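*Asks:* Quick one, structure for this:
(one chain, ligands or ions: 1)
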Amino acid sequence: MKIGKSTIPTTAICTSNEDTIVVRGHDLARDLIGKIGFTGHFFLLLTGRLGTTAELAVLDATLVAIAEHGLVPSVQASRMTFAAAPDAMQGAVAAGILGCGSVILGASETAGRLFTEIDALVQAGTPLTEAATTVMKAWKAARKPIPGYGHPQHKQRDPRVDALFAVATAAGTDLRFIAIAREVESLTASLIGKDLRLNVSGAIPSVLLGAGFPLEALKGVPILARTAGLIAHLYEELQQPIGFALTYQATRELQYTGEAAK
Ligand code: COA
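*Replies:* Model (predicted):
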């Protein structure tokens, strides 16, 4: 059965024969192993080019920024899954990553789309404040939250935001998406009715879109980085189990609100 037009599978990422593995035109064993860092390797896999020092400094900083934030929902889901299935670390990692969505952990992609919409208007000649106002009003009218803003814990300032902006500034990458993000932040009180501050998921696309990172792959940054944090939590879970303690805490004040058995 044929679905769609193409019949020949192709990939430009990697090929191999008995002696050689070629990744994006580089001999893996000869030119990459021991010669390139993992962040650079990720950038190469994704874009097909060796990133500049500035681009890789920014990407590396975002991966560090989002790898870990304590016992957040992704970690709780992962540790509870590992407690129930200690023979399947891969399943526990997957359980944690499954929640990388538009509310928690995965909002970098949606924030990137918001900033890109504003940038398109600015590039077409609309002044920044007007462009941001137009797009934010449209998102509000569609009843969509403004992604990359608001945080349950860091209400005043997510400390990762300025740290990431400082890395991009020092690296000398394109800062125009940071200007867009700051403009949106300054307009939330008047347009959304809440004084919402930038969070890490807003800062990540702000710096990465100016550092050669593709919009459509932004979701991969929290997925990749949090995988590292989850593996650390699962290793700790083996030595110091808390997965069932989390289950106990989730149920100890539970109240049944359904009907009694008839
Ligand atoms: N856009 C629009 N309204 C928002 C908002 C946002 N980004 N963040 C919060 N609000 C509003 C809520 O709708 C709520 O309004 P209400 O009081 O009229 O019901 C109020 O502000 C408080 O929201 P609440 O959900 O209680 O705040 P919270 O601090 O618990 O929520 C988030 C935190 C992250 C769930 C929320 O800010 C959000 O959805 N942000 C966008 C997604 C995002 O960036 N996620 C990544 C987080 S690192």
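
*Asks:* Write out the residues of this structure neighbouring the ligand.
*Replies:* 103-104, 107, 145-152, 192, 194, 196, 199-201 (CB under 6 Å from any ligand atom). C-beta coordinates here come from the backbone N, C-alpha and C atoms, glycine included.

*Asks:* taking these one by one, which sit in helices?
*Replies:* Members of the residues of the chain next to the ligand lying in helices (criterion: DSSP state H): 107, 192, 200-201.

*Asks:* quick revisit: which of the residues of the chain next to the ligand are buried?
*Replies:* The neighbour-count test (16 or more other CB atoms under 10 Å) marks 104, 107, 146-151, 192, 196, 199-201 as buried among the residues of the chain next to the ligand.

*Asks:* With adjacent residues omitted, what lies nearest to whatever residue of the stretch 1-150 of the chain ends up closest to the ligand?
*Replies:* At 2.3 Å from the ligand, residue 150 is the closest residue in the stretch 1-150 of the chain, using CB to the nearest ligand atom. Of all residues not flanking residue 150 in the chain, residue 196 sits nearest, at 4.6 Å (CB to CB, 6 or more residues apart in numbering).

*Asks:* and if you look at residue 134?
*Replies:* Closest to residue 134 by CB to CB, 6+ apart is residue 121, at 6.5 Å.

*Asks:* for the one you found, what are its contacts?
*Replies:* 130-131, 134-135 (CB atoms under 8 Å, 6 or more residues apart in numbering).

*Asks:* So which of those residues belong to helices?
*Replies:* Filtering the contacts of residue 121 for helices - DSSP H - leaves 130-131, 134-135.

*Asks:* neighbour-wise, which of these leads?
*Replies:* residue 135 (23 neighbours; other CB atoms under 10 Å).

*Asks:* Burial check on residue 5, number of neighbours?
*Replies:* Around residue 5 there are 5 residues (other CB under 10 Å).

*Asks:* what does residue 94 give?
*Replies:* Neighbours around residue 94, by other CB under 10 Å: 15.

*Asks:* Please identify the helix or strand for it.
*Replies:* Of the helices and strands defined by DSSP states H and E, residue 94 is found in helix 89-97.

*Asks:* Which neighbouring elements make contact with that helix?
*Replies:* helix 73-84, helix 220-239 (3 or more CB pairs under 8 Å, 6 or more residues apart in numbering; DSSP states H and E).

*Asks:* deepest of those, which one?
*Replies:* Comparing those by mean neighbour count (mean count of other CB atoms under 10 Å), helix 73-84 comes out on top with a mean of 21.

*Asks:* for the closest residue to residue 29 other than its chain neighbours, what are its contacts?
*Replies:* Using CB to CB, 6+ apart and skipping the chain neighbours, the partner closest in space to residue 29 is residue 21 (6.6 Å). By CB under 8 Å, 6+ apart, residue 21 lies in contact with 14-15, 27-29.

*Asks:* right, and residue 51 touches residue 42 too?
*Replies:* No: using CB atoms under 8 Å as the test, residue 51 is too far from residue 42 to be in contact (9.1 Å).

*Asks:* okay, these two: which has more neighbours?
*Replies:* Shown here are residue 51 and residue 42; by other CB under 10 Å, residue 51 has more neighbours (23 against 20).

*Asks:* Distance of that one relative to residue 45?
*Replies:* As judged by CB to CB, to the nearest Å, residue 51 and residue 45 stand 11 Å apart.

*Asks:* One more: residue 205?
*Replies:* Counting by CB to CB - residue 205 and residue 45 are separated by 20 Å.

*Asks:* hmm, which two among the ones in helices among the contacts of residue 121 are most spread apart?
*Replies:* 130 and 135 (9.9 Å; CB to CB).

*Asks:* May I have stretch 115-122 exported as CSV, CA atoms only?
*Replies:* Extracted in CSV, the C-alpha atoms of stretch 115-122 (Å, rounded to 0.1, in the frame of the first residue of the first chain):
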residue,chain,number,x,y,z
PHE,A,115,7.8,35.7,19.2
THR,A,116,8.1,34.7,15.5
GLU,A,117,4.7,36.0,14.7
ILE,A,118,5.6,39.4,16.3
ASP,A,119,9.0,39.4,14.5
ALA,A,120,7.3,38.8,11.1
LEU,A,121,5.3,42.0,11.6
VAL,A,122,8.3,43.9,12.8
